[in-house]
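*Asks:* I'll drop the sequence and a predicted model, then ask my questions.
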Amino acid sequence: MSSSTILRATKASTSKSTRAFHISAVRRDLVGPPDPISNLRPVVYDDAPPLPPTEVRHPYSLREFRGDTREYQWKIQRQELDAFNHAFWTDSNTRFTAAKQAFLSSLPESCTEEDKEHALSDFYKSWLVQEEPRQKEYTANWQRRNRMNVLLGARLQYQKFMARLGF
């Protein structure tokens, strides 16, 4: 068989229509550039919960909830976790920068670069010791929220899978 025959056979087989068993819309979450203060890259989710319609006058209208409310809850929790993370790191980095600037301005003008490096090393160590309780509280809170979010997302995926099977 020549290579041109193989090529024609390949083209012929690929031009036939194939039946897709499952076709879903392509989803792409967008990741932005790092925030200059928090240094976190914001995520714009493709499946973010819709904003409530403006014509709804009652604050608890059920028309704003379409579909399964657990999926809506999961999407909201995911965005709240991102906001919590961003707020913590923005605050932490702002306080660190201000403390570092105050520390550097308190050093004498006659200080050499080596003395500045040594003093900054001591500052970094004291900053870590000072921030340890706050960091531990943040980490525990973030882990708890993330665990809840992962569990809810897993439940939703399981329910969708069982619904596809007809259960």
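*Replies:* Looks like it arrived, so ask away. Keep in mind the model is a prediction, meaning the values are calculated, not measured.

*Asks:* from now on I want contacts and neighbour counts done on CA atoms only, so please keep to that.
*Replies:* Will do.

*Asks:* for Y138, what are its contacts?
*Replies:* F88 (Cα atoms under 8 Å, 6 or more residues apart in numbering).

*Asks:* distance check, it against M162.
*Replies:* 36 Å (Cα to Cα, to the nearest Å).

*Asks:* stretch 129-147: how far from the chain's middle?
*Replies:* Offset of stretch 129-147 from its chain centre (Cα atoms, centre = their mean, to the nearest Å): 17 Å.

*Asks:* please save the CA atoms from it in CSV.
*Replies:* Output of stretch 129-147 as CSV, limited to C-alpha atoms (Å, rounded to 0.1, in the frame of the first residue of the first chain):
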residue,chain,number,x,y,z
VAL,A,129,7.2,35.3,65.3
GLN,A,130,4.7,38.2,65.7
GLU,A,131,2.5,37.0,62.8
GLU,A,132,2.5,33.3,63.7
PRO,A,133,-0.8,33.2,65.7
ARG,A,134,-2.6,35.2,63.0
GLN,A,135,-1.2,33.0,60.2
LYS,A,136,-2.2,29.8,62.1
GLU,A,137,-5.7,31.1,62.6
TYR,A,138,-6.0,32.0,58.9
THR,A,139,-4.6,28.6,57.8
ALA,A,140,-7.1,26.7,60.0
ASN,A,141,-10.0,28.9,58.8
TRP,A,142,-8.9,28.5,55.1
GLN,A,143,-8.6,24.7,55.4
ARG,A,144,-12.0,24.4,57.1
ARG,A,145,-13.6,26.5,54.4
ASN,A,146,-11.8,24.8,51.6
ARG,A,147,-12.7,21.3,53.0
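
*Asks:* ranges for the helices of this protein?
*Replies:* Remark: helices assigned in the chain by DSSP state H are 3-15, 69-106, 113-165.

*Asks:* give me the distance between R134 and W89.
*Replies:* Taken as Cα to Cα, the span from R134 to W89 is 12 Å.

*Asks:* which one of those two has more residues nearby?
*Replies:* Neighbour tally, R134 and W89, criterion other Cα atoms under 10 Å: the higher count belongs to W89, 16 against 11.
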